[in-house]
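Undergrad: Here is a sequence with its predicted model. Questions after.
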Amino acid sequence: MRVGIVITTRNGIDFTKSCVNSVVCSFPYDLIIVDDGSTDGTPEWAESVGARVFKDLDEPSLGGRWNVGIKEAFALGADVALVCNNDIIFSPLTIDAVTRRMDEVLRNDERIAVVTAHNLRGRMSTRKIRGLDELTWEPSESDGPDFSCFLISKKAYEEVGPVSEEYVPCYFEDNDYHIKMALAGYRAISTTGAPYYHYGSVTQNSIVGGVCTGPQFEHNRDLFETKYGFNTTSEEYKDIINAAKEGTT
């Protein structure tokens, strides 16, 4: 298994450095940075540590930038792409755990497109996360994915298709892809065997009014509801996700 590690960035270079420096992976991997106009030296630093860097993109949506990174990972020969925010810290277990789980998925032909890691912010410090090289609990899985750190297989991405680029600049692209996967008969799962730490909303809170303003958020919410005919908290949404889980989509 070859892994493409895709990190999306917009300034926050100290967070990006912490994220990259926490990477521990026993599989061959490529590091891909997809930057959204950083002015703090992020692209230059990423290039200096050997990352494949995309910058100055004419791509206004987070979903579009995810697609850029994912497609590059597969072009470089990856079997799976790990897509994450720059404001996370991996434990030494995280990347291997999600990769091994996806290897099982592919070998057993399970209808799982995405495996996500398990955020322990509020329950474990960043220092402990960095040193967590052995689990102290029995791993479990749930159908509640966290798209701040998700692994997708090339096989599933080619079948389901790319992430929607309609949601500018961000928000609801993850809900949209979750539904898109489910309609194709795929599940998205989270495993507690892959702990990590997500600071949360660092980029959103980095400028006054946020990267995605209130009106933009509302537009994206309405776009999702118009597109599918229901919202993200509706029973219809849950029914589609459950149908994929039960194999009845």
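TA: Yes, it's here. Numbers count the residues shown, from 1 in each chain.
Undergrad: Show me what the strand ranked longest in the chain packs onto, helices and strands only.
TA: Across the chain, the strand with the greatest residue count (assigned by DSSP state E) is strand 187-198. Using 3 or more Cβ pairs under 8 Å, 6 or more residues apart in numbering; DSSP states H and E as the contact criterion, the secondary-structure elements in contact with strand 187-198 are strand 88-90, helix 94-108, strand 112-119, helix 126-130, strand 141-142, strand 149-153, helix 173-183. Placement of C-beta: from N, CA and C, glycine included.
Undergrad: R65 is nearest to which of the ones you listed?
TA: R65 lies closest to helix 173-183 among these, at 9.9 Å (Cβ to Cβ).
Undergrad: ok so, going back, Serialize the helices and strands packed on strand 187-198 to CSV and add fields for distance to V163.
TA: Written out in CSV, the entries for these read as follows (distance: least, Cβ to Cβ, whole Å):
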stretch, distance to V163
strand 88-90, 19
helix 94-108, 18
strand 112-119, 11
helix 126-130, 27
strand 141-142, 22
strand 149-153, 9
helix 173-183, 5
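Undergrad: Would you mind giving the ones you listed as CSV with mean neighbour count and mean pLDDT added?
TA: Rendered in CSV, the data for these read as follows (neighbours: other Cβ atoms under 10 Å; pLDDT from 0 to 100):
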stretch, mean neighbour count, mean pLDDT
strand 88-90, 25, 97
helix 94-108, 19, 98
strand 112-119, 26, 98
helix 126-130, 16, 96
strand 141-142, 13, 96
strand 149-153, 26, 98
helix 173-183, 22, 97
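Undergrad: quick one: the residue of the chain most remote from its centre and I241, what's the gap?
TA: When distances to the mean C-alpha position of the chain are computed (Cα atoms, centre = their mean), the maximum falls on T248, with 25.9 Å. Here the criterion is Cβ to Cβ, to the nearest Å. By it, T248 lies 12 Å from I241.
Undergrad: what residues are shared contacts of those two?
TA: In the contact map built from Cβ atoms under 8 Å, 6 or more residues apart in numbering, no residue is linked to both T248 and I241.
Undergrad: where in the chain is pLDDT low?
TA: Counting by pLDDT under 70, the low-confidence segments of the chain come to 201-202, 205-209.
Undergrad: same thing but 80
TA: Residue ranges of the chain with pLDDT under 80: 201-211, 249.
Undergrad: follow-up on the earlier one: tell me if the residue farthest from the centre of the chain really is in a helix.
TA: No. Assessed with DSSP: H, G, I helix; E, B strand; the rest coil, T248 is coil; it does not lie in a helix.
Undergrad: Look up how far N175 lies from it.
TA: Here T248 is placed at a distance of 21 Å from N175 (Cβ to Cβ).
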